[in-house]
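Undergrad: sharing a sequence plus its predicted fold:
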Amino acid sequence: MKIILLLILTIAFSLSGYTQTLGDFKPKDQSYGLKKVKSKRVYIASFTVNYQVYNEKEDFKQGGRMFGGAGYKGDALAKLSVGLDNITEAGIQAVTDRLFGDFTAMLKAKGLELVTADEAGKTSAYADYTRQTGGKINEANFPGTLATTPNGFDYYVKSVSKSGKEQSGGFLGQASTMYGRLSSQLDDAIIADVDLFILFVKDKEAFGGAGANIKIKTSLRLADTEAITMTSNAKFKLKGQNKTVAAISQAAFYNGKVPTGMGANSSYIGQLKSPLDIDGVIEDQKLQSFAANRADYIGTSTAYGKWYNPENVVSKSTNIIPVDEKKYTEGAYMAGKKFIEYHTSAFLNETK
């Protein structure tokens, strides 16, 4: 009896002492020319945290005459959707605001002056850009993802589509290609660009095998260099058509302009070698939707010849994952803070 009681007390104690944990943190960076950085001013051109809360995919295998004329196969269509429950806009916005507050406090503690959006807006680099005000949730930037910017933070984008999707500008849509010019027009101020992705769906090897087959894994994490694949929302699309967009977490700093070309004179791009897992929030699990191509080998004889009528198969899988929002937001904050602090410190230490 004493042994059982001791076991119960041990379990209760371990649960009461639960703390949020992260997986292995494996940072990486690409940098050059950092010893040339002399500026004590920083302009934060972008600060966005993207939270994936929903994902859906389709896979389609066309039917038709089978090899050798042995019959006909029907079409196969698989659909899979998964979403997180109990995530609020207020909760994730608070995480983004905390991370931004920590980031700016860290810069100021190092004696750096923050360049205002008013000053940046007077440069020719931003002459035809649109000023945006942070603190709004944007569902259009990345599929199934809520993009957040800090309250009280103003920034510039090249344009905004009818759906609300922001275009960052720069050559081929890469904002970093114009940061050298922007820096030079701000008296060689450092340009900071922070973009984080908190993902929970693993898209790698989601499609494959016979028939229409979708297999995904769930794992909450701060993404490294990944991609989001989701059903296309194009007005005209083919069955099973999905869209894939890049999702790369990075904290980057640029300074000065090269004498010729578009690049910066110095840069630091901090990323991850592998995802930073956020443990204890959602269960890691495998989800699948599968539809096999049904075949009609026999057919029906008619006066006009043999007629085949294979069945078309559709498989749908809908999944809702309940989430403790307190654990989710604390985990997202811890992962973002660890990432931003490491790369900001690494950049500042290299520019002493």
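TA: Okay, I see it. Numbering: from 1, shown residues only.

Undergrad: find the nearest non-adjacent residue to residue 72, please.
TA: residue 308 (4.0 Å; Cβ to Cβ, 6 or more residues apart in numbering). Quick note: C-beta positions are derived from backbone N, CA and C, even for glycine.

Undergrad: list the contacts of the one you found.
TA: By Cβ atoms under 8 Å, 6 or more residues apart in numbering, the contact set of residue 308 is 71-72, 296, 299-300.

Undergrad: repeat that with 7 Å
TA: 71-72, 296, 299 (Cβ atoms under 7 Å, 6 or more residues apart in numbering).

Undergrad: now the residues you listed as a markdown table including distance to residue 340?
TA: Formatted as a markdown table, the contacts of residue 308 follow (distance: Cβ to Cβ, whole Å):
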| residue | distance to residue 340 |
| --- | --- |
| 71 | 59 |
| 72 | 57 |
| 296 | 59 |
| 299 | 64 |
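
Undergrad: top of those residues by neighbour count?
TA: The residue in these with the most neighbours, by other Cβ atoms under 10 Å, is residue 72 (19 neighbours).

Undergrad: can you list the residue ranges for strands in the stretch 101-250 of the chain?
TA: Residue ranges of the strands in the stretch 101-250 of the chain, as given by DSSP state E, counting those that start in this stretch, are 113-114, 130-133, 145-148, 154-157, 159-160, 166-167, 190-202, 212-222, 225-231, 242-248, 250-257.

Undergrad: which one of these lies closest to residue 281?
TA: Residue 281 lies closest to strand 212-222 among the strands of the stretch 101-250 of the chain, at 5.0 Å (Cβ to Cβ).

Undergrad: can you point out the buried residues in the closest one?
TA: Buried positions in strand 212-222, judged by neighbour count with 16 or more other Cβ atoms under 10 Å: 212-216, 218-222.

Undergrad: then stretch 158-168?
TA: Residues of stretch 158-168 classed as buried under the neighbour-count rule (16+ other Cβ under 10 Å) are 158, 166, 168.

Undergrad: roughly how far is it from the heart of the chain?
TA: In terms of Cα atoms, centre = their mean, to the nearest Å, the centre of stretch 158-168 is found 17 Å from the chain centre.

Undergrad: need the buried residues of strand 212-222 in TSV with pLDDT and distance to residue 134, can you?
TA: Formatted as TSV, these follow (pLDDT from 0 to 100; distance: Cβ to Cβ, whole Å):
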residue	pLDDT	distance to residue 134
212	90	41
213	94	41
214	94	36
215	94	38
216	94	32
218	97	30
219	97	29
220	98	24
221	98	25
222	98	20
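
Undergrad: looking at the residues you listed, which is nearest residue 233?
TA: The closest of those, once distances to residue 233 are taken by Cβ to Cβ, is residue 214, at 17.7 Å.

Undergrad: what residue ranges in the stretch 51-200 of the chain score low on pLDDT?
TA: 67-69 (pLDDT under 70).

Undergrad: okay, now residue 320: neighbour count?
TA: By other Cβ under 10 Å, 12 other residues sit near residue 320.

Undergrad: then the one 10 residues further on?
TA: By the measure other Cβ under 10 Å, the count of residues near residue 330 is 17.

Undergrad: which strand or helix spans it?
TA: When elements are assigned from DSSP states H and E, residue 330 belongs to helix 325-350.

Undergrad: how much does that helix deviate in direction from strand 212-222?
TA: Per axes from the mean of the first three to the mean of the last three Cα atoms, to 10 degrees, the angle that helix 325-350 makes with strand 212-222 is 60 degrees.

Undergrad: give me the angle between helix 325-350 and strand 250-257.
TA: If you take the same axes, to 10 degrees, helix 325-350 sits at 30 degrees to strand 250-257.

Undergrad: buried ones in helix 325-350?
TA: The neighbour-count check on helix 325-350 (16+ other Cβ under 10 Å) flags 325, 327-336, 339-340, 342-344, 346-348, 350 as buried.

Undergrad: likewise stretch 84-94?
TA: In terms of neighbour count (16+ other Cβ under 10 Å), stretch 84-94 has its buried residues at 84, 87, 92-93.

Undergrad: if we can go back for a sec, tell me how far the residue nearest to residue 72 lies from residue 130.
TA: 57 Å (Cβ to Cβ, to the nearest Å).

Undergrad: and residue 50, by the same measure?
TA: Residue 50 is 20 Å from residue 130, by Cβ to Cβ.

Undergrad: who's more crowded, these two?
TA: Using other Cβ under 10 Å, the more surrounded residue of residue 50 and residue 130 is residue 50, with 22 against 14.

Undergrad: got the phi and psi for the more buried one?
TA: Per-residue torsions, residue 50: phi -110, psi 130 (degrees, to the nearest 10).

Undergrad: same question, residue 209
TA: The phi/psi pair for residue 209 (degrees, to the nearest 10) is phi 90, psi 180.

Undergrad: just the helices in the protein please.
TA: Taking DSSP state H as the test, the helices found in the chain are 2-16, 89-109, 117-120, 179-185, 325-350.

Undergrad: can I get those in a markdown table including distance to residue 202?
TA: As requested, these are exported to a markdown table (distance: least, Cβ to Cβ, whole Å):
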| stretch | distance to residue 202 |
| --- | --- |
| helix 2-16 | 28 |
| helix 89-109 | 20 |
| helix 117-120 | 37 |
| helix 179-185 | 32 |
| helix 325-350 | 16 |
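
Undergrad: which residues does stretch 173-190 contact?
TA: Here stretch 173-190 makes contact (Cβ under 7 Å, 6+ apart) with 37, 39, 41-43, 45-46, 115, 119-120, 123-125, 167-171, 191, 193, 252-258, 262-265.
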